[in-house]
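S.K.: Pasting a predicted model and its sequence here:
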Amino acid sequence: MVELSLVMVKPHAFDTKKLGIIVSMLEQNGFKIVGLKSIKLTTELARRFYFVHEGKEFFERLIKYMSSGTIAAICVQKENCVVELRKLVGATDPTKSEVGTIRKAVGETVEANGVHSSDCIENARKEIRFFFSDIELYSYQYLDY
Ligand code: IDP
Ligand code: MG
């Protein structure tokens, strides 16, 4: 099934000019870019985005980090997109990510691991809606399917 998912380029990856590499890896692996924007999250927005992790010991640090600089939100489309994207992104800890994954290529630490990706279809929908309105999403549906 053709699905959409969300990639968020984390602050250090954006600051160290890894946006191009990340977009390129997505495109070369068959993901179509259907939405892209860069913004700086406030702590309030970061809390809303990561609310499922509220209460965990790393939560406050994560919120501080995610609101510390510019991020990019990228909506991608592909067959079986959510699972395929998680594979391309790799393990949470970049030192445990396989060669060929985005986190292996641009991740530095567990926190500054390059990108976020949605973990299921329902969360992908919510996360895409968190960043994008209808007119900001271009569907390739009529070109390719
Ligand atoms: P995921 O990004 O691979 O889905 P999650 O468990 O959903 O991993 O955690 C969300 C984010 O929180 C991770 O990408 C990572 O940046 C951060 N994080 C997760 N676990 C830890 C930890 O043990 N220490 C510091 N940061 C963590
Ligand atoms: Mg997650």
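M.R.: Yep, that arrived. This structure is a prediction, so every number in the text was calculated from the model and none was measured. Ligands and ions are numbered 1, 2, ... in the order given.
S.K.: what helices or strands is the helix or strand hosting residue 125 leaning on?
M.R.: Assigned by DSSP states H and E, residue 125 belongs to helix 121-131. In terms of contacts (3 or more CB pairs under 8 Å, 6 or more residues apart in numbering; DSSP states H and E), helix 121-131 is packed against strand 2-9, strand 32-40, helix 43-49, strand 70-79, helix 81-89. In short, each C-beta sits where N, CA and C put it, glycine included.
S.K.: and if we set it to 7 Å?
M.R.: The contact analysis (3 or more CB pairs under 7 Å, 6 or more residues apart in numbering; DSSP states H and E) places helix 121-131 against strand 2-9.
S.K.: Output the contacting helices and strands for the strand it packs on.
M.R.: By 3+ CB pairs under 7 Å, 6+ apart, strand 2-9 packs against helix 19-28, strand 70-79, helix 81-89, strand 115-117, helix 121-131.
S.K.: Of those, which stretch is the most buried?
M.R.: Each of these was scored by mean neighbour count; the highest is strand 115-117, a mean of 23, by mean count of other CB atoms under 10 Å.
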